[in-house]
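Colleague: sequence and predicted structure, then a few things I'm wondering about:
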Amino acid sequence: MGESILHVSELYKIFGKKPEKTYPLIKEGLSRQEIKEKTKQVVGLRNINFDVKKGEIFVIMGLSGSGKSTLLRCINRLIKPTSGKIILNNNIEISNMDEKKLLDIRREYFGMVFQKFGLLPTRTVLENVSLGLEIQGMGLEERINMSEKAISLVGLKGWEKSKISELSGGMQQRVGLSRALAIDPKILLMDEPFSALDPLIRLEMQELLLKIQKKMKKTIIFITHDLNEAVKLGDRIMILNEQGSIVQLSRPEDILLNPKNEFVESFVKDIDKTTVIRAESLAKKPEFTLNSQMDAKNAVKILNDLEYDFAYVLDESGKYLGISTKDGLEKSDLVCNAIHKIKPLKDIKTINQGLPQFISSEYPLPVVDEENMFLGYIKFKEVIDLVKN
Ligand SMILES: Nc1ncnc2c1ncn2[C@@H]1O[C@H](COP(=O)(O)OP(=O)(O)OP(=O)(O)O)[C@@H](O)[C@H]1O
């Protein structure tokens, strides 16, 4: 990941016949409402800048009216931006491209999944999924082959011949997703795809998308008004405010740990942070660690010099073994004989299940990764604050 597949810079979308009138007012910082009253123009998007990288799930999040759909429609060029640049793959500028050229670009680059599915209800699953390929001019056999693969990817194997109208909402959205995947677009655009589904089905679909993404590594632009969904799915999240501006663009954890302003904070308040934040990002590196093979007398000297009562002990490769206290070391010859095994924290999620055990511990919690490599420590208070908030 890293290479830009979509670059958007200084993008503005102003609805109305005299957009140029609005720029000075936008510069002055007037609101959408004020600008509308003065000029009758509606500022949909103001000065949007971002890059989407190949293979990431890029979430665009905002409340109703923040400009999410407008931005999406600018990206696939169903509407024309008033000003600014949209560049695909570093070299295809589509901001001003004519309709004829756009047809091919859209076909190659964009697959859409909509909230309202957009399926043909009286046709079968297979017919719906293969429609896009048929339009592309693919032969029957190959079409069926590709469609069956896409159908199986979303867990609908065996339902190929069922009519859409016979399926539940969740299953219909699986068809929608499978239809978009079948044409193998460079970018999958998902416009609030799960918003109309029941909460449980919605969670199921989020899991399915993550599972598929693990295999396929598509570039996905996902629109939602739900921060819970955003942090669950997004590699990065871009939050738009009610004025059509970007407020924050960061990784989910950064949004939760460092919300940029009160507006973002108001969303973050309702999120269970422990399900998103990785222990790793909270862990602080201690000034020193002890090697298990070290001479205990030496270790005591170091602790004395630094005025510490204890230290984390690692093996040669940096794996966490436990802690040693000064008292314990004074009675031993090697550090390895004085290791006190304090259970490390692997995943913040476990805090929810194991809080009492952690609280009773006297030492800042050691944090390790999946392979037990030592990452640092985290203080109880921070852990508890996190669980409480
Ligand atoms: N064709 C249009 N003409 C005039 N104003 C428009 C047009 N389309 C959108 N707008 C305005 O632009 C702003 C952004 O709208 P947009 O639909 O993009 O928001 P959204 O975040 O997608 O909202 P929702 O979640 O409700 O769909 C709104 O103030 C809307 O009224």
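Modeller: Arrived safely.
Colleague: ok, then the element right after the helix or strand bottoming out on mean pLDDT in the chain?
Modeller: In the chain, the helix or strand scored least confidently by mean pLDDT, DSSP states H and E is helix 349-360, which has a mean of 55. Scanning forward in sequence from helix 349-360 by DSSP states H and E, the next helix or strand is strand 365-368.
Colleague: what comes into contact with that next one?
Modeller: Under the contact criterion Cβ atoms under 8 Å, 6 or more residues apart in numbering, strand 365-368 has outside partners 279-280, 282-283, 312, 319-320, 323, 342, 344-346, 358, 374-380, 383. From N, CA and C alone the C-beta is placed, and that goes for glycine too.
Colleague: torsion angles phi and psi at the closest residue to the ligand within the stretch 201-350 of the chain?
Modeller: Closest contact between the stretch 201-350 of the chain and the ligand, by Cβ to the nearest ligand atom, is at H225 (5.6 Å). With angles defined as degrees, to the nearest 10, H225 sits at phi -110, psi 10.
Colleague: wait, it touches K68, no?
Modeller: Yes. Here H225 reaches K68: they are 7.5 Å apart, a contact under Cβ atoms under 8 Å.
Colleague: if you drop the residues flanking it in sequence, what lies closest to the residue of the stretch 201-350 of the chain closest to the ligand?
Modeller: In this structure, H225 finds its nearest non-sequential neighbour in L63, 5.7 Å apart by Cβ to Cβ, 6 or more residues apart in numbering.
Colleague: is it true that that neighbour touches Q243?
Modeller: No. Judged on Cβ under 8 Å, L63 makes no contact with Q243 at a distance of 11.1 Å.
Colleague: give me the pLDDT value at the residue of the chain positioned farthest from its centre.
Modeller: Centroid-distance maximum for the chain: K331 at 50.4 Å, with Cα atoms, centre = their mean. What the model reports as pLDDT for K331 is 93.
Colleague: next one: N258
Modeller: Residue-level confidence at N258 comes out at 87, pLDDT.
Colleague: and for it, the neighbour number?
Modeller: When neighbours are defined as other Cβ atoms under 10 Å, N258 has 11 of them.
Colleague: go on, I277?
Modeller: The burial count for I277: 22, using other Cβ under 10 Å.
Colleague: same question for Y308.
Modeller: 14.
Colleague: so it sits against K326, correct?
Modeller: Yes. Between Y308 and K326 there is a contact under Cβ under 8 Å: 7.5 Å.
Colleague: roughly how far does the residue farthest from the centre of the chain sit from E362?
Modeller: Distance of K331 to E362, given as Cβ to Cβ, to the nearest Å: 18 Å.
Colleague: now do the strands in the stretch 201-350 of the chain.
Modeller: Under the criterion DSSP state E, counting those that start in this stretch, strands of the stretch 201-350 of the chain are mapped to 219-224, 236-240, 246-250, 290-291, 310-314, 320-325.
Colleague: looking at L63 and Q243, which one has more neighbours?
Modeller: Shown here are L63 and Q243; by other Cβ under 10 Å, Q243 has more neighbours (19 against 13).
Colleague: which non-adjacent residue is nearest the more buried one?
Modeller: Using Cβ to Cβ, 6+ apart and skipping the chain neighbours, the partner closest in space to Q243 is R32 (5.6 Å).
Colleague: just T39 next, same as before
Modeller: Using Cβ to Cβ, 6+ apart, the nearest residue to T39 is K21, at 4.7 Å.
Colleague: cool, and I26?
Modeller: Per Cβ to Cβ, 6+ apart, closest to I26 is R46, 5.5 Å.
Colleague: again with P252
Modeller: V231 (3.9 Å).
Colleague: just to check, that neighbour is in contact with L256?
Modeller: Yes. Using Cβ under 8 Å, V231 is in contact with L256, at 6.7 Å.
Colleague: counting by contacts, list what the strand or helix carrying V59 packs against.
Modeller: According to DSSP H and E, V59 maps onto strand 57-61. Packed against strand 57-61 by the contact rule (3 or more Cβ pairs under 8 Å, 6 or more residues apart in numbering; DSSP states H and E) you find helix 68-75, strand 219-224, helix 227-233, strand 236-240.
Colleague: partners of that strand in the sheet?
Modeller: Strand pairing for strand 57-61, using DSSP bridges, gives strand 219-224 (parallel), strand 236-240 (parallel).
Colleague: contacts made by the longest one with the rest, please.
Modeller: So that's strand 219-224. So strand 219-224 is contacted by 5-6, 52-61, 68-69, 72, 75, 186-195, 209, 213, 230, 233-234 (Cβ under 8 Å, 6+ apart).
Colleague: ok, now stretch 34-44?
Modeller: 12-19, 21-22, 25-26, 30, 32, 67, 70, 243-244.
Colleague: among the residues you listed, which are within reach of the ligand?
Modeller: Subset of these in contact with the ligand: F15, R32, G67, T70, counting by Cβ under 6 Å from any ligand atom.
Colleague: the first one: how many residues sit nearby?
Modeller: Same thing as F15. 15.
Colleague: so it bridges to which residues?
Modeller: Where F15 sits in a bridge, its partners, by DSSP bridges, are V42.
Colleague: who touches it in this structure?
Modeller: With contact set as Cβ under 8 Å, 6+ apart, F15 has these partners: Q41, V42, V43, G44.
Colleague: look at the third one and report its pLDDT.
Modeller: To tie it back to what came earlier, the one meant is V43. Per the predicted model, pLDDT is 97 at V43.
Colleague: how much space between it and Q33?
Modeller: Distance from V43 to Q33, by Cβ to Cβ: 10 Å.
Colleague: residue ranges for the helices of the stretch 201-350 of the chain, please.
Modeller: Listed in chain order, the helices of the stretch 201-350 of the chain (DSSP state H, counting those that start in this stretch) span 227-233, 252-257, 262-268, 279-282, 296-306, 326-330, 349-360.
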